[in-house]
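Chemist: structure, please.
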Amino acid sequence: MKIFVTDLEGATHAIDAIEGWRVMEIIRDHGFPMKAECGGACACATCHVYVDEEWIGKVTPLNSEEDYMLDEAYDRRKNSRLSCQLIMNAELNGLRVTLGKND
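Modeler: Numbers count the residues shown, from 1 in each chain. Predicted structure coming up:
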């Protein structure tokens, strides 16, 4: 499985993904600059990503806790998500996200 990550400079990288892992863990473990300070507890916004429009309907819906935390994200948009709340599965093979700024 693959995820396509666009970094802060605009370059897109195809990275290997493991089913059952949080998208945040996959991105962070491939060395991208993602703080992920809370470790996936949905208690910060430092794993903020923008989900490509074509994938919005395929990821799990935004819940109220994540929606609240996204208010802390820099430059929140309609396609903003916390990558710790996205769990990789076969339906997300090929998922495309862009890193959000952490600072």
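Chemist: all helices for this protein, in order.
Modeler: Applying DSSP state H to the chain gives helices spanning 23-29, 64-70.
Chemist: what packs against the first one?
Modeler: Of the remaining helices and strands, those touching helix 23-29 by 3 or more Cβ pairs under 8 Å, 6 or more residues apart in numbering; DSSP states H and E are strand 2-6, strand 12-16, strand 95-99. (Glycine included, C-beta is placed from N, CA and C.)
Chemist: what residues sit buried inside it?
Modeler: Under the neighbour-count criterion of 16 or more other Cβ atoms under 10 Å, helix 23-29 has 23-28 buried.
Chemist: hey, C-alpha coordinates of that helix in PDB?
Modeler: C-alpha atoms of helix 23-29 as PDB (Å, rounded to 0.1, in the frame of the first residue of the first chain):
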ATOM      1  CA  VAL A  23      -1.400   7.900   8.800                       C
ATOM      2  CA  MET A  24       0.400  10.100  11.200                       C
ATOM      3  CA  GLU A  25       2.700   7.200  12.300                       C
ATOM      4  CA  ILE A  26       3.400   6.300   8.600                       C
ATOM      5  CA  ILE A  27       4.300   9.900   7.700                       C
ATOM      6  CA  ARG A  28       6.400  10.500  10.800                       C
ATOM      7  CA  ASP A  29       8.200   7.200  10.500                       C
END
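Chemist: now what about it, what contacts it?
Modeler: 3, 5, 15-18, 34, 36, 40, 47, 49, 82-84, 86-88, 92, 95, 97, 99 (Cβ atoms under 8 Å, 6 or more residues apart in numbering).
Chemist: what about 6 Å?
Modeler: Helix 23-29 is contacted from outside by 5, 17, 34, 36, 40, 47, 83-84, 86, using Cβ atoms under 6 Å, 6 or more residues apart in numbering.
Chemist: still on that earlier bit, will you turn the helices of the chain into a markdown table that also has distance to Arg77 and mean pLDDT?
Modeler: Formatted as a markdown table, the helices of the chain follow (distance: least, Cβ to Cβ, whole Å; pLDDT from 0 to 100):
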| stretch | distance to Arg77 | mean pLDDT |
| --- | --- | --- |
| helix 23-29 | 17 | 96 |
| helix 64-70 | 9 | 96 |
